[in-house]
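Asks: Model the structure of this input:
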Amino acid sequence: MALSDEQIKQLLGLVSSCESDPLDCDGCFERVAEFAEVELAGQGLPEALEAVKRHLAQCPCCCDEYAALL
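Replies: Predicted coordinates for the structure are as follows:
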């Protein structure tokens with residue numbers, strides 16, 4: 001299956017916009033409950049949980065765990 005020029009352009013745009021994720025799934029699972037509690041309480045997100053937020057934006061598996069906690 002060949003990709004069109006437009007599909008290749010979109011794919012390259014997505015790849016170039018990805019951020020490096022210093023947090024792995026195990027690290028995310030350790031903090032995702034705390035992240036969910038802060039979000040549900042409507043509190044400001046501490047800097048320590050910003051990595052969890054970034055990881056959830058890039059990892060469907062961890063995002064599913066987060067959704068289950070909510």
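Asks: Look up how far residue 11 lies from residue 4.
Replies: Per Cβ to Cβ, to the nearest Å, residue 4 is found 10 Å from residue 11. Using the backbone N, CA and C atoms, a C-beta is placed for each residue, glycine as well.
Asks: which one of those two has more residues nearby?
Replies: Using other Cβ atoms under 10 Å as the criterion, residue 4 and residue 11 rank with residue 11 on top: 11 against 8.
Asks: longest single helix anywhere in the chain?
Replies: The helix that spans the most residues within the chain, counting by DSSP state H, is helix 25-41.
Asks: Can you tell me what sits against whichever helix or strand comes after it?
Replies: Remark: after helix 25-41, the chain's next helix or strand is helix 50-58, criterion DSSP states H and E. Under the contact criterion Cβ atoms under 8 Å, 6 or more residues apart in numbering, helix 50-58 has outside partners 18-19, 21-23, 25, 27-28, 31-32, 34-35, 45, 62-63, 66.
Asks: Select only the buried ones of those residues in ChimeraX?
Replies: The following ChimeraX line selects those of those that are buried, judged by 16 or more other Cβ atoms under 10 Å:
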select :23,28,32,35,62,66
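Asks: what's the burial count for residue 55?
Replies: The burial count for residue 55: 24, using other Cβ under 10 Å.
Asks: residues contacting residue 1?
Replies: Contacts of residue 1 (Cβ under 8 Å, 6+ apart): none.
Asks: and if you look at residue 39?
Replies: 45, 70.
Asks: From residue 6, how far out is it?
Replies: From residue 39 over to residue 6 (counting by Cβ to Cβ), the distance is 36 Å.
Asks: do residue 70 as well
Replies: 36 Å.
Asks: Equivalent analysis for residue 23, please.
Replies: Counting by Cβ to Cβ - residue 23 and residue 6 are separated by 33 Å.
Asks: Which residues are in contact with residue 3?
Replies: residue 11.
Asks: State the helix or strand in which it lies.
Replies: Applying DSSP H and E, one finds residue 3 in no helix or strand.
Asks: Also the one 3 residues further on?
Replies: With elements taken from DSSP H and E, the one containing residue 6 is helix 5-17.
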